[in-house]
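> just to be clear, the model below is a prediction. Sequence and coordinates:
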Amino acid sequence: MRADAARNRARIVAAAREAFAETGIDVGVEEIARRAGVGMGTLYRRFPTKESLVLAIFEEHVDALAVYAAEVASLQPLPALEAYMLRACQEMDADRGLMHLLADHGRPDLELRLGLDGLRRRSGEILEPLVTRAREAGVVRADLSTGDVAVLLRMLAVAIPTEPQPGDHDRAHFLELVLGGLRHQDARASHARGRQGW
């Protein structure tokens, strides 16, 4: 991709992310093009459909998580898994509106549904070594699977209000509750003793 084409693509994705966050997934592509400062022809050359643009944003999230998974791979098994899950939640917070699509199995668009399925599979492949290492080290439940963690992360993505009210717990609070349930009994006891020493 030429440098100017790459810049246009990056501007379109950034503008779409901003527009989706502000007004939801149904924002018009004309508004996205206006925010990106490009013509409709340029937008359609890069992204023939709005669904392809949505998938590009999700793909950026997955790419970022792949990089982070490699970074935390040198940590001990439990901290590595917990750090990855926390980062995944932070990625969700960056685009909360789009993350609701992860749990919307009723969307009729085939392109979007198949694209999301593919990104879920790739996310699972990124997560698998972290879960396997933690399970083999005995620091999480012996029956914990990669699919379990993926479902829990999707639940966190859609269960927390986009605009929490004063006094509501944030996603980090619920993630800590989830992590407490995933840890092996000995790991939970050790973690609790560590918190008491803070």
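Noted; the coordinates are in hand. Numbering: from 1, shown residues only.

> for this structure, longest helix please?
helix 110-136 (DSSP state H).

> what's the spacing between that helix and its chain's center?
Its chain's C-alpha centre and that of helix 110-136 lie 11 Å apart, by CA atoms, centre = their mean, to the nearest Å.

> next, count neighbours for residue 29.
A count of nearby residues for residue 29, using other CB atoms under 10 Å, gives 17. Placement of C-beta: from N, CA and C, glycine included.

> so how far is residue 110 from it?
Residue 29 sits 19 Å away from residue 110, going by CB to CB, to the nearest Å.

> my guess is residue 112 contacts residue 54. True?
Yes: at 6.3 Å, residue 112 counts as touching residue 54 under the criterion of CB atoms under 8 Å.

> buried residues, the longest helix of the chain. List them.
Buried residues in helix 110-136, counted by 16 or more other CB atoms under 10 Å: 112-113, 115-116, 119-120, 123, 126-131, 133-135.

> tell me the domain ranges of this structure?
1-48, 50-196 (automatic domain parsing).

> make CSV from these and add mean pLDDT to it.
Shown next, in CSV, are those (pLDDT from 0 to 100):
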stretch, mean pLDDT
domain 1-48, 89
domain 50-196, 80
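
> burial count for residue 147?
Other residues near residue 147 come to 13 when the count uses other CB under 10 Å.

> with just CA atoms, put stretch 77-88 into PDB.
Backbone C-alpha positions of stretch 77-88 (Å, rounded to 0.1, in the frame of the first residue of the first chain) are rendered in PDB as follows:
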ATOM      1  CA  PRO A  77       1.700 -17.900  34.200                       C
ATOM      2  CA  LEU A  78      -0.900 -16.300  36.500                       C
ATOM      3  CA  PRO A  79       0.300 -12.700  36.200                       C
ATOM      4  CA  ALA A  80       0.600 -13.100  32.400                       C
ATOM      5  CA  LEU A  81      -3.000 -14.300  32.100                       C
ATOM      6  CA  GLU A  82      -4.300 -11.700  34.400                       C
ATOM      7  CA  ALA A  83      -2.400  -8.900  32.600                       C
ATOM      8  CA  TYR A  84      -3.700 -10.000  29.300                       C
ATOM      9  CA  MET A  85      -7.300 -10.100  30.500                       C
ATOM     10  CA  LEU A  86      -6.900  -6.600  32.000                       C
ATOM     11  CA  ARG A  87      -5.500  -5.300  28.700                       C
ATOM     12  CA  ALA A  88      -8.400  -7.000  26.800                       C
END
